[in-house]
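J.: Using only what follows, build the 3D model:
(one chain, ligands or ions: 2)
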Amino acid sequence: GDLVLDARDLHKTFATGRSGLRKSRVSAVDGVSLRLHAGESLGIVGESGCGKSTLARMLVGLERPDSGSIEIHGRDVTRVRGRDRRLLRRQVQMVFQDPYTSLDPRMSVLELIGEPLTVHKRVTGKTALTDRVAELLGLVNLAPELMHRYPHQFSGGQRQRIGIARALALDPEVLVCDEPVSALDMSVQAQVVNLLRDLQKRMNIALLFIAHDLSVVRHVSDRTAVMYLGRLAEVGDTPTVYDQPAHPYTQALLSAAPVVDRSRRRLADRIMLLGDPPSPADPPTGCRFHTRCRFARDRCAAEQPVARRLEDASDRTVACHFAEEAQATAPAVG
Ligand code: SF4
Ligand code: MG
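T.: Residues are numbered from 1 along each chain as shown. Ligands and ions are numbered 1, 2, ... in the order given. Purely as a prediction, here's the structure:
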């Protein structure tokens, strides 16, 4: 498909208050680039605090990057203003993590889903509005009669469907979903994931799916990006990343994922992550993973690894000085 979203070298830091005379800053996103094509799904995985939500919020315009560019169809939204900016911005919509807090409890479903339509003047007249809202509810498999109800009258899974319908109201080309099922019961997670996957295919939407749960991302994404402390460790086709992980962090994440079978459990014990995650307010020098990496040596603390392609047939990039060695010695974890 066409290249829809092209984010390059995004950086974002936040002030976290003062310690003594020094203002401390957290480096939330540090040089992330990613591309999304029409109809494609990209999963982003990483532990909490790795910057995935900040990345998502920059992509949808809720947060301004300190530097870097975000092009939508070749136009940099961080540079355009006014009407052009609004037109570009509505191409990228967000589905939020928590359907219990992201919907205003005082608004009916009709008002919630109708709001973006009225704000952007996409429909005129009450009949056109209710018709369109009914159509959007149909897309997420909810009956049109439900539009007169309020959020508290719905289950978590239904609320997330309403959030998705609202995000679809302006016909976006990209849907950014920030942990869209992690607040839901296990039993409804799969339904919402399948709905998103189905909408992506039917409407040719590009899906950016953020999760800390590796198994969810594997099911939903064509490509997978693994994020660690504000940087991308590894990006590639989902089967490649899961079956032949080349970055030591990807290997550790996969081996730490819950497994049922006993031989795999033993394997998991072998390549667990070392130590606790460092603070993003004081990230390690060089490769930010070096304090927890079983392959780390002097060069890793001194020099930041650049994302590069391996000289194998796989379609992915890895930011590790010793990726070949890591890949060669990794036991199969898939
Ligand atoms: Fe580990 Fe060094 Fe590779 Fe970083 S660059 S992942 S510390 S081997
Ligand atoms: Mg988050």
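J.: From the centroid of the chain, which residue is nearest?
T.: residue 210 (2.8 Å; C-alpha atoms, centre = their mean).
J.: Specify the beta-bridge partners of that one.
T.: Note on residue 210: beta-bridge partners by DSSP bridges are residue 44, residue 178.
J.: For it, give me its contacts.
T.: Counting by C-beta atoms under 8 Å, 6 or more residues apart in numbering, residue 210 touches 43, 44, 45, 52, 53, 55, 56, 176, 177, 178, 179. The C-beta positions use only the backbone N, C-alpha and C, and glycine is treated the same way.
J.: Can you tell me which of the residues you listed are buried?
T.: When the contacts of residue 210 are checked for burial by 16 or more other C-beta atoms under 10 Å, the buried set is 43, 44, 45, 52, 53, 55, 56, 176, 177, 178, 179.
J.: so residue 152 sits in a helix?
T.: Yes. The assignment for residue 152 by DSSP: H, G, I helix; E, B strand; the rest coil puts it in a helix.
J.: What is the neighbour count of it?
T.: 9 (other C-beta atoms under 10 Å).
J.: Distance check, it against residue 43.
T.: 32 Å (C-beta to C-beta, to the nearest Å).
J.: now do residue 246
T.: 17 Å.
J.: And residue 220, by the same measure?
T.: For residue 220 relative to residue 43 (C-beta to C-beta), the value is 6 Å.
J.: Break down the protein into its strands, ranges please.
T.: 3-19, 22-37, 41-45, 67-72, 75-76, 92-95, 174-178, 206-211, 223-228, 231-237, 308-309, 316-318 (DSSP state E).
J.: So which of those is nearest ligand 1?
T.: strand 231-237 (7.1 Å; C-beta to the nearest ligand atom).
J.: In its sheet, which strands sit next to the closest one, and in what direction?
T.: strand 223-228 (antiparallel), strand 316-318 (antiparallel).
J.: Let me have these in CSV, adding mean neighbour count and mean pLDDT as columns.
T.: What follows is those, written out as CSV (neighbours: other C-beta atoms under 10 Å; pLDDT from 0 to 100):
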stretch, mean neighbour count, mean pLDDT
strand 223-228, 25, 96
strand 316-318, 25, 95
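J.: check contacts around the closest residue to residue 165 other than its chain neighbours.
T.: Nearest-residue entry for residue 165: residue 136, 4.3 Å, with adjacent residues in sequence omitted and distances by C-beta to C-beta, 6 or more residues apart in numbering. By C-beta under 8 Å, 6+ apart, the residues touching residue 136 are 113, 165, 166, 168, 169.
J.: ok, now which ones touch the residue of the stretch 51-200 of the chain found nearest ligand 1?
T.: Using C-beta to the nearest ligand atom, the closest approach of the stretch 51-200 of the chain to ligand 1 is made by residue 51 at 16.9 Å. Listed by C-beta under 8 Å, 6+ apart, the contact set of residue 51 reads 12, 28, 29, 30, 32, 227, 229, 230, 280.
J.: how far away is it from residue 178?
T.: Distance, residue 51 to residue 178, by C-beta to C-beta: 12 Å.
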